[in-house]
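J.: Quick one: sequence plus predicted model below, questions after.
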Amino acid sequence: MRRIAQFYRYTFYWGYAWSLRTDGGDVSAIKSLVILAFCIYLNLFAAVLAAGWLLHIKLLPSGLPKWIVAVALLAVSAPHYWYLIHGGRYRAIAAEFDAWDADRRWVWNRRVIFYIFASFVAVGLTAYATKNYPNPLHLPW
């Protein structure tokens, strides 16, 4: 469990460090939070799609209003704000990972990039499967 929390904080740090290099300023922490929350939101969306597909029930109605999607994204983002940013916690997280050597950060950077990429792929594959294969027992693979 400690390793998952470390990966979670490092994912935030990765976005924060990238944003600092490109823009600078305290807005970098918010940008990193948006990246992290969006990836988690994608994973939750893929899980809901997959569960509905496997159980043959419609968990997400068609034509969902945009404001409901926005509220859901805010609901996912709020706990992350309190855990990662509120009270300047992002500075302690940055100090923790700035102390790592370059080789260790390089390995963890690759993990974060893979996680972000896999989040998008999971949603794409799940959406494709639910649209094209209504019966999960008859998949082509």
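T.: Noted; the coordinates are in hand. Residues are numbered from 1 along each chain as shown.
J.: what sits against the residue sitting nearest the centre point of the chain?
T.: Closest to where the C-alpha atoms of the chain average out (CA atoms, centre = their mean) is Cys39, at 1.9 Å. Going by CB atoms under 8 Å, 6 or more residues apart in numbering, Cys39 touches Thr11, Tyr115, Ile116, Ser119. C-beta: built from backbone N, CA, C; applies to glycine.
J.: And the pLDDT for it?
T.: pLDDT, Cys39: 84.
J.: give me the element it is part of.
T.: Secondary structure from DSSP states H and E places Cys39 in helix 27-55.
J.: Give me the distance from that helix to the chain's centre.
T.: Computed by CA atoms, centre = their mean, to the nearest Å, the chain-centroid distance of helix 27-55 equals 5 Å.
J.: Would you mind identifying the next helix or strand past it?
T.: Immediately after helix 27-55, counting by DSSP H and E, sits helix 66-84.
J.: got the CA coordinates for that next one in PDB?
T.: What follows is helix 66-84 as a C-alpha-only set of coordinates in PDB (Å, rounded to 0.1, in the frame of the first residue of the first chain):
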ATOM      1  CA  LYS A  66     -22.200  18.000 -19.300                       C
ATOM      2  CA  TRP A  67     -22.800  19.500 -15.900                       C
ATOM      3  CA  ILE A  68     -23.000  16.000 -14.400                       C
ATOM      4  CA  VAL A  69     -19.700  15.100 -15.900                       C
ATOM      5  CA  ALA A  70     -18.200  18.300 -14.600                       C
ATOM      6  CA  VAL A  71     -19.500  17.700 -11.100                       C
ATOM      7  CA  ALA A  72     -18.200  14.200 -11.200                       C
ATOM      8  CA  LEU A  73     -14.700  15.400 -12.200                       C
ATOM      9  CA  LEU A  74     -14.800  18.000  -9.400                       C
ATOM     10  CA  ALA A  75     -15.900  15.300  -6.900                       C
ATOM     11  CA  VAL A  76     -12.900  13.200  -8.000                       C
ATOM     12  CA  SER A  77     -10.500  16.200  -7.800                       C
ATOM     13  CA  ALA A  78     -11.500  17.600  -4.400                       C
ATOM     14  CA  PRO A  79     -10.000  14.900  -2.200                       C
ATOM     15  CA  HIS A  80      -6.700  15.100  -4.200                       C
ATOM     16  CA  TYR A  81      -6.600  18.900  -3.500                       C
ATOM     17  CA  TRP A  82      -6.900  18.400   0.200                       C
ATOM     18  CA  TYR A  83      -4.300  15.600   0.200                       C
ATOM     19  CA  LEU A  84      -1.700  17.000  -2.200                       C
END
